[in-house]
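Trainee: quick one: sequence plus predicted model below, questions after.
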Amino acid sequence: MKKMISAALVIGGILLLYFGYQEYQSLQSEIEEALTGSPDSSALWMMIGGAAAVAAGLFGLFQKRS
């Protein structure tokens, strides 16, 4: 059961990374970054959350059971 949850975290994290990257590359985000000098915060948080989910999922998948 724990392996399934870890695999779901990896898949969900990859999806968050993908959608965060797409949001970061959008025209609206490019304009906002040009005007404010900082990237879109929602895209940034999606990529951070995706990276954390992938890391947690991989940790769960490769953790040895004792």
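Mentor: Yep, that arrived. Numbers count the residues shown, from 1 in each chain.

Trainee: keeping just the C-alphas, turn stretch 35-45 into PDB.
Mentor: This file holds the C-alpha atoms of stretch 35-45, laid out as PDB (Å, rounded to 0.1, in the frame of the first residue of the first chain):
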ATOM      1  CA  LEU A  35       6.800  44.100 -15.700                       C
ATOM      2  CA  THR A  36       7.600  43.100 -12.100                       C
ATOM      3  CA  GLY A  37      11.000  41.400 -12.500                       C
ATOM      4  CA  SER A  38       9.900  38.300 -10.600                       C
ATOM      5  CA  PRO A  39       8.300  35.100 -12.000                       C
ATOM      6  CA  ASP A  40       4.700  34.200 -11.500                       C
ATOM      7  CA  SER A  41       4.300  32.900  -7.900                       C
ATOM      8  CA  SER A  42       1.700  30.200  -8.800                       C
ATOM      9  CA  ALA A  43       3.900  28.700 -11.400                       C
ATOM     10  CA  LEU A  44       6.800  28.800  -8.900                       C
ATOM     11  CA  TRP A  45       4.800  27.100  -6.200                       C
END
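
Trainee: dump the residue contacts of Met47.
Mentor: 16-17, 20-21, 24 (Cβ atoms under 8 Å, 6 or more residues apart in numbering). (Each C-beta comes from the backbone N, C-alpha and C, glycine too.)

Trainee: from Ala7, how far off is it?
Mentor: To Ala7, Met47 is 20 Å away according to Cβ to Cβ, to the nearest Å.

Trainee: hmm, who's touching the one helix or strand Gly13 maps to?
Mentor: Taking DSSP states H and E as the definition, Gly13 sits inside helix 2-24. Helix 2-24 is contacted from outside by 29, 39-40, 42-47, 49-61, using Cβ under 8 Å, 6+ apart.

Trainee: what are the buried residues along the helix or strand harbouring Glu30?
Mentor: Assigning secondary structure by DSSP H and E places Glu30 in helix 27-36. Using 16 or more other Cβ atoms under 10 Å as the test for burial, helix 27-36 gives 29, 32.
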